[in-house]
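Undergrad: Fold the stuff below for me.
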Amino acid sequence: MGIKSLIYKLRGEIPTEVLIQNGLKVGKNFNRFSGVIIDDSHCWLITIGDNVTIAPRGHILAHDASTKNETGYTRIGTVSIGNDVFIGAESVILPGVAIGNRVVVGAGSVVTKSVPDNSVVAGNPAKIISTYEDFMRKRTQEMENTIKFDETYTMRSDEFNDSKKQEMIQKLRENNGVGYVR
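TA: Numbers count the residues shown, from 1 in each chain. Take a look at the predicted model:
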């Protein structure tokens, strides 16, 4: 058992590799952060494209058992997530939803209906708030006009330390609390 599988097991999460063995379809460059739940009881109904990131505690559900007690049946539905998609922290994708290509799902969103290509959605229930292009244009302009930090300001770097943390905090405070890190 690899270290990644061991960590998943300790957290009570099903590793992506196990879900794939059970039928989950996943494209290239899939990033699954901690606490992400992918419906293991119906994972073969879920397809995830290339360059997809699901932020911490996101949920992808292919079943809804709210009907089970009354009808004896559980509602199920396919879930498809396109290419170049970011799903924000603590978002929930419900059964029967198709998310298009180049989509951002804002943190804490509940996606109850399909999302077209080139959209940014947020809220409960999630609604389109912007095009993908407008969102990226705004963020790129913001990035050009604010503080940027290189990788030495991340936990990936051997140079990262308390001094870097304090420097980052100070510079962010001087720049309206927002900046960008590589």
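
Undergrad: number of nearby residues for the spatially closest residue to Leu45 that is not a sequence neighbour?
TA: Spatial nearest neighbour of Leu45, excluding adjacent residues (Cβ to Cβ, 6 or more residues apart in numbering): Ala62 at 4.0 Å. All C-beta spots, glycine's among them, are computed from the backbone N, C-alpha and C. Neighbourhood size, Ala62 [other Cβ atoms under 10 Å]: 24.

Undergrad: what does the one 3 residues further on give?
TA: Other residues within reach of Ala65, judged by other Cβ under 10 Å, total 12.

Undergrad: For it, which residues are in contact?
TA: Applying Cβ atoms under 8 Å, 6 or more residues apart in numbering, we find Ala65 in contact with Thr74, Arg75.

Undergrad: what's the residue nearest to Leu45 sitting at in phi/psi?
TA: The phi and psi values for Ala62, taken as degrees, to the nearest 10, are phi -110, psi 0.

Undergrad: wouldn't it be in contact with Pro95 here?
TA: Yes: between Ala62 and Pro95 there is a contact under Cβ atoms under 8 Å: 5.2 Å.

Undergrad: what residues do those two have in common as contacts?
TA: The contact sets of Ala62 and Pro95 overlap at Leu45, Ile76, Gly77, Thr78, Val79 (Cβ under 8 Å, 6+ apart).

Undergrad: I'd like to know how far the first one sits from Ile128.
TA: Spelled out, that is Leu45. The gap separating Leu45 from Ile128 is 25 Å, by Cβ to Cβ, to the nearest Å.

Undergrad: So the two - more neighbours on which side?
TA: Each of Leu45 and Ile128 has its neighbours counted (other Cβ under 10 Å); Leu45 has more, 21 against 14.

Undergrad: tell me the contacts of the residue most central in space within the chain?
TA: Centroid-nearest residue in the chain: Ile54, 2.0 Å away (criterion: Cα atoms, centre = their mean). Residues in contact with Ile54 (Cβ under 8 Å, 6+ apart) are Asn31, Arg32, Phe33, Val36, Ile60, Ile87.

Undergrad: Just the buried ones from these?
TA: Listed as buried from the contacts of Ile54 are Arg32, Val36, Ile60, Ile87; burial here means 16 or more other Cβ atoms under 10 Å.

Undergrad: Go through the residues you listed and name the one nearest Lys138.
TA: Of all the buried ones among the contacts of Ile54, the one with the least separation from Lys138 (Cβ to Cβ) is Ile87, at 19.6 Å.

Undergrad: My guess is the closest one contacts Val79. True?
TA: No: using Cβ under 8 Å, Ile87 is not in contact with Val79, being 11.2 Å away.

Undergrad: Please tell me how far the residue nearest to the centre of the chain sits from Asn83.
TA: 14 Å.

Undergrad: What of Ser130?
TA: Taking Cβ to Cβ, one finds Ser130 at 19 Å from Asn83.
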